[in-house]
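J.: Build the 3D model from these lines:
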Amino acid sequence: MDFSNSEIQKFIIDKLEYNVDCKYIVDDNYVTENCKKDFEYITFDGEKQEFYISFLKCQTSIFFRNSEIMFIDDNEKNNYTISDVYGNIVYEGKLNNLSHEQLLTMFCKFIDLLYRAENIEVIQELLPKQDGSYPKYNYWLRVYKQFCENSVYCFDNIKVEVIQKFTN
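T.: Reported below is the predicted structural model:
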């Protein structure tokens, strides 16, 4: 999962449905989108750094509201232990069969669904058939936000339900 900055810009940043305050980070420094080094992180809430994506060679993660969704390279999953994934949401679909465009488009969809969430509930269910070095789960994310249509999206073992939250 070695993405170029131009791929990230084209398939995530340019495709976001919301106008987000993106900041690019390399070597713990803010850089411009035209940086020559590979982006390590992109924040979607400016300098707060509470909602961001990280790009490692074998793993991409989306961090939001003290939670993490991990997308681990298929060839590396057996190297991860229960302590590596504990408390996180782990995508169990096959990633190596997807193009960079497909992967980045999926990450973009997750970002759009989670952006501006007022509350998020995470429900997990242990999968009966287990293989590998850590337990596998189905996840159900209930995302409550204003000014949205109720909808449900399925990404292999992760279901995201967006629920309109009404305020008085």
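J.: From P128, how far out is the spatially most central residue of the chain?
T.: Taking CA atoms, centre = their mean as the criterion, I62 is the residue nearest the geometric centre of the chain, at 3.2 Å. Distance of I62 to P128, computed by CB to CB, to the nearest Å: 27 Å. Bear in mind the C-beta positions are built from the backbone N, C-alpha and C, glycine included.
J.: now stretch 69-81: how far from the chain's centre is it?
T.: 14 Å (CA atoms, centre = their mean, to the nearest Å).
J.: still on that earlier bit, now the residue nearest to the centre of the chain. Nearest residue, chain neighbours left out?
T.: Nearest non-adjacent residue to I62, counting by CB to CB, 6 or more residues apart in numbering: I69, 4.6 Å away.
J.: Check which strands are paired with the host helix or strand of the one you found and give the direction for each one.
T.: Assigned by DSSP states H and E, I69 belongs to strand 67-72. With DSSP bridges as the test, strand 67-72 is paired with strand 59-64 (antiparallel), strand 89-91 (parallel).
J.: CSV for those strands, including mean pLDDT?
T.: Shown next, in CSV, are those (pLDDT from 0 to 100):
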stretch, mean pLDDT
strand 59-64, 96
strand 89-91, 97
